[in-house]
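**Q** next one to model:
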Amino acid sequence: MRIGRMAPLLAVGITATLVPALAPTQASAAEPLKRFENQKPSWHRCDRSMPAAFQCATIKVPVDYSRPTAKTLKLAVSRMKTSVPGKRHGAILFNPGGPGGEGLDMPVMMKDTMPKKVREQYDLIGFDPRGVGRSSPVTCGLTTAEQNIEHAYRPKTFDRDVKWARTVAGKCRAKNGDTLAHITTRNTARDMDVIRAVLGEKKISYLGYSYGTYLGAVYAQMFPERTDRFVLDSAVDPARVWRGMLQVWAEGTEPAFTRWTKWTAQHHRTYQLGDTPAKVKKTFWDLIARADRDPIESGGEKLTGDDIRAALRAEFFSPRNAAENVVELKKAADGTPASPRIAAPDDEQGPRRFAAPAAQPPDDNSSAAFWTVVCGDTAAWPRDPDQYRRDAIRNKAKYPLYGDFGSNITPCAFWSRTAEPVTTVDNNVGLLTVQNQWDSQTPLTSGLGMHHALKGSRMVYVKGGEGHGVYSDDPRWCANRTVNAYLSTGKLPAQDVTCKAPARQNEGVNQRIVPAPQQAPGAPRF
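**A** Below is the predicted model:
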C-alpha cells in the first residue's frame with residue numbers, strides 16, 4: 001500500500017494597503033498596452049487527439065506591466081466556441097487552482113461539466129497562467145527532494161530545513177533573474193484582462209477553483225467594471241495569503257480528525273480501530289509513535305510518523321478514506337500483506353495531456369511556479385528563521401497533526417523583494433462563492449474569509465460536503481443548480497444558500513470535480 005502525498009492548496013498572509021488597478025507608472029503605460037490588447041491570435045487545432053473545436057493560440061503579455069515596451073512573455077490560450085447565436089452571453093475563463101496548475105485543457109473538461117443550456121451561452125476559454133505549463137514556464141532546477149513542501153519540525157533537522165529553504169530561493173533567483181518578481185497573482189489578473197480584450201469582450205465571466213478563487217477575487221478587485229459572472233469554488237481567504245493558508249491546513253485538520261475518530265468508532269465492526277473516539281485516537285497516535293521508532297514499510301517506502309501525518313492530513317476530511325488507510329498502515333506495521341491501495345480524492349488521475357510534440361514544461365515547473373507566486377505575492381513572510389522555529393513549536397502543540405508542517409520555514413524567508421504590495425480584497429462586486437463544509441485544502445474558515453471580504457457575494461454552502469471542489473457535472477445537485485442558474489441568468493440568489501451533501505457523497509464517494517493537473521511528487525497545490 002502506498003499513501004499518496006497530498007497536494008497542498010494555497011493562501012494566507014497579511015494583507016497590505018490596496019493598490020489601484022493602474023498605478024501612476026502603469027497609467028502612463030496604458031497606450032503601449034493597446035498593442036497587446038489588439039493582438040490577432042492565430043487559432044489552430046490544439047491536437048489531433050482532441051476535438052477539432054478545441055483551438056489553441058499564443059499571445060504576448062508584458063513581463064512588467066509598468067514597462068510594457070520592455071520584455072514580454074508568451075501566454076498559451078485555448079478556446080471552444082460552444083455559444084449559440086441568439087443565446088450567446090460572452091466568454092468564460094477557467095482556472096483549476098495552484099499556483100502552478102495548468103488550465104489550457106479546461107475548456108474540454110468543462111464542456112462535459114456544464115449543462116447544455118449554460119454552455120450555449122459561452123465560449124469556453126482556458127489558459128496556462130504566466131510561468132506555468134506552456135506559458136513561458138519557470139524552472140528553478142529543483143530536484144525531486146527539493147520540491148517536497150512538507151517538512152516536519154524537529155530540532156535536529158531544523159538547520160537542514162533552513163538550508164533547503166535558502167537553496168530553493170537561491171536556485172529560483174539564479175534561474176529566473178528579473179522575471180521572477182513579476183510572476184504574481186496581480187500580473188496573472190492583468191493577463192486575464194489582456195485575454196478579455198483580445199477576445200473582443202467588454203466583460204469576462206470566470207470559474208476558478210481553489211487558488212483560482214484568489215486569482216478571480218484579485219481580478220474583481222483590480223477590474224470591477226469588467227467583472228461579469230464570477231464563480232469562486234473552494235476559496236482561499238484573501239486575508240491569509242500566503243503563510244496563513246499553509247497554517248490553515250493545521251487549524252482545519254483538527255476538527256476533521258475529531259470527526260473522524262467519532263465516525264470510525266461508530267464503524268468499529270468494519271475497521272477495528274476502537275469502539276470509542278478516545279480509543280480510535282489512541283490507535284492512531286500509537287501507530288505514529290511506532291513508525292517514529294521503526295519506520296513502516298509500505299509500497300516500497302519506509303514511512304516515519306512524520307510521513308504518515310503529512311500523508312493522512314487531507315484524508316481525515318473524508319472519514320472512510322482515512323479509516324481505510326489507517327487499517328492498511330496497521331497491516332503493514334504488523335507484517336500483514338496489505339490490500340491494494342484505495343485511491344483518495346487527491347489522487348485522482350489528472351486531465352488528458354496533449355499528445356502534440358510541443359516542448360513539455362520543466363519537471364519542477366509546478367513547484368517553481370508555486371513558490372514564485374506564493375513568495376512573490378506578498379512581503380509578509382518572516383525573514384528570521386528563529387520565528388519559524390518558534391511558530392512551529394507552538395503550533396505543533398496546538399495542532400498536533402500538522403501544526404509544525406504548516407509553520408515551518410519555507411523558501412519565502414529568503415525570497416527577493418516583492419515587486420508591488422499584495423492586493424487587499426475588499427469590494428462589493430456581485431459574485432458567487434461555493435464551499436464544502438469538509439474541504440481539506442481550503443477549509444471552511446478559509447471559504448468564509450473570502451465570502452466576508454467580497455461584500456457583494458453570495459455563498460453556496462454544502463453542509464456535510466466532503467472534498468476539495470464542489471461544482472460538478474450533475475445538474476440535479478443543489479449546489480450545481482444554484483451555480484448553473486447564476487451562470488445562465490447573472491442573478492445572484494437573494495441570500496446565501498445552504499445545500500445538503502449529495503447522498504452518494506455521504507456514502508463515501510466524493511463528487512468528481514475538475515481533476516488537477518499532474519504534478520511532480522511533493523508539489524504543493526491549492
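
**Q** check the gap between His44 and Gln55 for me.
**A** 6 Å (Cβ to Cβ, to the nearest Å). All C-beta spots, glycine's among them, are computed from the backbone N, C-alpha and C.

**Q** which of the two has more residues huddled nearby?
**A** More crowded of His44 and Gln55, by other Cβ atoms under 10 Å: Gln55, with 19 against 10.

**Q** doesn't Ala76 make contact with Thr58?
**A** Yes: using Cβ atoms under 8 Å, Thr58 is in contact with Ala76, at 5.8 Å.

**Q** got the CA positions of stretch 363-378 in PDB?
**A** Extracted in PDB, the C-alpha atoms of stretch 363-378 (Å, rounded to 0.1, in the frame of the first residue of the first chain):
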ATOM      1  CA  ASP A 363       9.900  18.800 -14.300                       C
ATOM      2  CA  ASP A 364       9.900  21.300 -11.500                       C
ATOM      3  CA  ASN A 365       7.600  23.800 -13.100                       C
ATOM      4  CA  SER A 366       4.600  23.200 -10.800                       C
ATOM      5  CA  SER A 367       6.700  23.600  -7.700                       C
ATOM      6  CA  ALA A 368       8.700  26.500  -9.100                       C
ATOM      7  CA  ALA A 369       5.500  28.300 -10.100                       C
ATOM      8  CA  PHE A 370       4.000  27.700  -6.700                       C
ATOM      9  CA  TRP A 371       6.900  29.300  -4.800                       C
ATOM     10  CA  THR A 372       7.300  32.100  -7.300                       C
ATOM     11  CA  VAL A 373       3.700  33.200  -6.700                       C
ATOM     12  CA  VAL A 374       3.400  32.400  -3.000                       C
ATOM     13  CA  CYS A 375       6.600  34.200  -2.200                       C
ATOM     14  CA  GLY A 376       6.300  37.000  -4.700                       C
ATOM     15  CA  ASP A 377       2.700  38.000  -4.000                       C
ATOM     16  CA  THR A 378       3.400  39.400  -0.500                       C
END
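
**Q** which residues in this protein form strands?
**A** Assigned by DSSP state E, the chain shows strands spanning 44-45, 55-62, 72-81, 90-95, 122-127, 204-209, 227-233, 296-298, 301-303, 432-438, 458-466, 497-500.

**Q** figure out how far the fourth one is from the centre of its chain.
**A** A distance of 18 Å separates the C-alpha centroid of strand 90-95 from that of its chain, computed with Cα atoms, centre = their mean, to the nearest Å.

**Q** can you list the strands that it pairs with?
**A** strand 122-127 (parallel), strand 204-209 (parallel) (DSSP bridges).

**Q** how about the third one?
**A** Paired strands of strand 72-81, with direction, are strand 55-62 (antiparallel), strand 122-127 (antiparallel) (DSSP bridges).

**Q** separation between the residue nearest to Pro62 when sequence neighbours are not counted and Leu33?
**A** Leaving aside its sequence neighbours, Pro62 sits nearest to Pro68 (Cβ to Cβ, 6 or more residues apart in numbering; 4.2 Å). To Leu33, Pro68 is 5 Å away according to Cβ to Cβ.

**Q** what mean pLDDT does the longest helix belonging to the chain get?
**A** Counting residues, the longest helix found in the chain (DSSP state H) is helix 243-266. In this model, helix 243-266 has a mean pLDDT of 97.

**Q** just stretch 170-190 next, same as before
**A** 97.

**Q** start to end distance for that stretch?
**A** 27 Å (Cα to Cα, to the nearest Å).

**Q** now do the buried residues in it.
**A** Buried residues in stretch 170-190, counting neighbours by 16 or more other Cβ atoms under 10 Å, are found at 171-173, 175-176, 179-190.

**Q** in helices only, show me those residues.
**A** 171-173, 175-176, 185-190.

**Q** re earlier: who's more crowded, Thr58 and Ala76?
**A** Ala76 (24 against 15).

**Q** wait, Ala189 sits on Val218?
**A** Yes: counting by Cβ under 8 Å, Ala189 touches Val218, with 4.7 Å between them.

**Q** go through stretch 148-165 and flag the buried ones.
**A** For stretch 148-165, by 16+ other Cβ under 10 Å, it's 148-153, 158, 161-162, 164-165.

**Q** what of stretch 279-298?
**A** 280-281, 283-284, 287-288, 290-291, 295-296, 298.

**Q** give me the residues contacting stretch 40-47.
**A** The contact list for stretch 40-47, computed with Cβ atoms under 8 Å, 6 or more residues apart in numbering, reads 52, 54-59, 77-79, 104, 198, 354-356.
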